[in-house]
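Asks: here's my sequence, what's the structure:
(one chain, ligands or ions: 2)
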Amino acid sequence: MKKLVCLVLATLVSSACFALGEFNVTDITAWTQAQRAALPNFHWFTFTNPAGVFSFWPTTRSPLGVYTGEIYDTWSGYEQARVYGNGTDATVQPFGVFYWSYWSGDDYHWGSSSWILPDDANDRGTMVGRSIMPGYTNNPQVFAQVHGFVRDGYSGQIKDMTPNADQARVSGVNNRGEFLVTEQGSVPEYYYRTYRVNTDGTHTEFDGVSAWDEALLGPDGTVIGLAYEGVYIQPVATEPTGGGSTYTFLHPINTLDRAVVTGMNGRGWVVGYSYNYATLEYFPTMWERSVSGTWKSYDLNDYHSTSWILDQVKGVADDGTIVATAHPDGTDNWQSNWVMLKPSAAHSKVQGHLDLQDFLGAEVMAYEFEVTAEVWNTSMTVLKDKITVPIDAQGNFQLWTPITGATKVRLKVGHWLSSVVSATLSSSTPATVAPTFLNGDVDEDNAVTIFDYSALSDAFDSTRGAESYRLGADLDGDGYIGIFDYVILSQNFDKAGA
Ligand SMILES: [Ca+2]
Ligand SMILES: [Ca+2]
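Replies: Ligands and ions are numbered 1, 2, ... in the order given. Sure thing, here's the model as predicted:
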């Protein structure tokens with residue numbers, strides 16, 4: 001029935017109604033741990049523990065497989081945060097302990113509590129989250145003290161992001177090393193502020209957006225947070241280069257009043273569910289960002305032809321695989337199964353090795369850059385898709401796109417100039433490319449200019465870990481910003497990306 005409506009609308013309004021394409025649905029409820037472990041990574045959702053690791057409850061699994069989760073220390077009784085994978089295995093202790101006691105009238109009660117929760121990690125093993133000390137503080141409005149933290153994957157340093165606020169939470173980190181902070185304070189009056197810490201150390205503020213709960217930081221810097229719309233708090237998405245009060249509401253579908261976002265992938269598919277507060281009936285929802293930056297929403301029950309009723313979408317991977325809870329038609333929605341959705345027309349895969357020139361730091365910098373790919377028509381007049389995916393420790397990448405046929409793909413990585421390759425895309429055979437990238441674009445505007453000299457000078461003579469060090473100015477990746485980085489910049493001065 002819904003499909004019929006969609007067809008009619010499609011002919012009247014636009015041809016975009018079925019642009020999403022259908023999905024094949026597989027019931028994976030009875031799958032073994034090994035079968036589920038072979039699924040692609042859904043980043044903010046995981047079914048599985050890393051193999052051979054016990055007493056660890058992971059909650060996230062980054063695109064290249066770094067887990068974060070909790071472990072319980074039986075000696076202290078306190079929960080700790082753990083990050084595991086890609087050579088990293090570290091735990092972070094709670095920032096403090098809250099001791100409580102009270103007299104109930106006939107007995108004295110006392111104890112202590114403390115825990116720390118990770119919210120996200122990137123492929124380098126940088127973990128972010130919050131340490132919670134429940135109990136009454138000096139401020140009667142504040143019933144728990146929450147400290148936001150960042151554990152750096154390179155140095156292992158742990159940074160408290162709460163120095164000037166009553167509370168803070170760091171809810172996201174991406175492979176660029178950007179992270180997302182919400183602060184709450186009470187001086188001179190109650191406030192909250194949400195900002196992204198950028199790769200060059202600057203802050204981008206988002207007015208009226210909270211990233212305290214249900215927030216995501218996308219691989220390209222997109223922030224998914226919450227903002228008021230009328231009486232409801234709804235999900236919003238910002239532009240990767242945006243800020244201030246500019247954001248787009250990710251509205252619930254089907255005239256429902258609430259929506260929850262659970263995940264996103266590198267090509268701008270955001271997933272979650274819509275519901276009414278009164279009925280708690282869930283509708284599987286996807287919001288898609290077009291290359292021009294407009295958003296469209298979909299009820300995923302309109303995009304498959306099985307008798308499953310999908311409820312909550314829990315994750316989406318870069319290849320378009322989705323996981324959701326579902327119930328058989330004619331039963332109640334608490335009789336949940338797990339299902340996997342795969343695009344019926346498999347996405348085209350592009351893969352290859354990126355030759356990042358004048359770079360020594362493979363071991364040091366592994367996993368610290370992502371590649372953004374634009375898929376164009378062959379004359380490069382029409383931009384068809386835009387995808388951001390991680391690069392592994394050997395400089396390899398893979399991405400997926402629904403686009404097929406002859407294309408030009410423009411690739412850009414961190415402080416290298418962009419490179420353009422021809423690629424014929426098909427869902428049956430991956431296209432393999434081997435682009436070469438010139439180094440020296442410190443400020444990432446895709447040209448090597450006097451501004452890059454200036455940015456490099458500002459960071460000159462600093463070693464990784466120092467306040468003035470910038471990953472983007474360490475062109476050769478040796479952990480120090482010095483004369484060799486100047487030489488690289490000089491060699492490519494005045495050049496611009498393709
Ligand atoms: Ca530049
Ligand atoms: Ca260097």
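
Asks: low-confidence ranges in the stretch 151-300 of the chain?
Replies: Across the stretch 151-300 of the chain, nothing is flagged by pLDDT under 70.

Asks: what residues does it put near ligand 2?
Replies: For the stretch 151-300 of the chain, the contact set with ligand 2 under Cβ under 5 Å from the ion is empty. From N, CA and C alone the C-beta is placed, and that goes for glycine too.

Asks: next up, the contacts around the one residue in the stretch 151-300 of the chain that gets nearest to ligand 1.
Replies: For the stretch 151-300 of the chain, the residue closest to ligand 1 is Asp200, as judged by Cβ to the ion, at 11.8 Å. Under the criterion of Cβ atoms under 8 Å, 6 or more residues apart in numbering, the contact list for Asp200 reads Asp443, Ala455, Arg470, Gly472.

Asks: just give me the closest of those residues to ligand 1.
Replies: Nearest to ligand 1 among the contacts of Asp200: Asp443, at 4.4 Å, using Cβ to the ion.

Asks: gap between that closest one and Ala423?
Replies: According to Cβ to Cβ, to the nearest Å, Asp443 and Ala423 sit 28 Å apart.

Asks: who has more neighbours, these two?
Replies: The residue with more neighbours, out of Asp443 and Ala423, is Ala423; 21 against 18, by other Cβ atoms under 10 Å.

Asks: wait, that one sits on Ala431?
Replies: Yes: under the criterion of Cβ atoms under 8 Å, Ala423 makes contact with Ala431 at 4.1 Å.

Asks: overlap in contacts, these two.
Replies: Contacts common to Ala423 and Ala431, judged by Cβ under 8 Å, 6+ apart, are Val350.

Asks: residues contacting the residue of the stretch 1-150 of the chain found nearest ligand 2?
Replies: As assessed by Cβ to the ion, ligand 2 sits closest to Arg124 within the stretch 1-150 of the chain, at 17.6 Å. By Cβ under 8 Å, 6+ apart, Arg124 lies in contact with Val66, Asn86, Thr88, Gly153, Tyr154, Asn175, Gly177, Ala366, Tyr367, Glu368.

Asks: so what does it look like in phi/psi?
Replies: Arg124 has phi and psi values of phi -80, psi -10 when expressed as degrees, to the nearest 10.

Asks: can you get me a residue count around the residue nearest to it when sequence neighbours are not counted?
Replies: Excluding the flanking residues, the one nearest Arg124 by Cβ to Cβ, 6 or more residues apart in numbering is Gly153, at 3.9 Å. By other Cβ under 10 Å, 25 other residues sit near Gly153.

Asks: roughly how far apart are Gly153 and Met127?
Replies: For Gly153, the distance to Met127 equals 7 Å [Cβ to Cβ].

Asks: so what sits against both of those two?
Replies: With Cβ under 8 Å, 6+ apart as the test, Gly153 and Met127 both reach Val83, Ala121.

Asks: so the residue sitting furthest away from the middle of the chain: helix, strand or coil?
Replies: When distances to the mean C-alpha position of the chain are computed (Cα atoms, centre = their mean), the maximum falls on Asp106, with 51.4 Å. Assigned with DSSP: H, G, I helix; E, B strand; the rest coil, Asp106 falls in the coil class.
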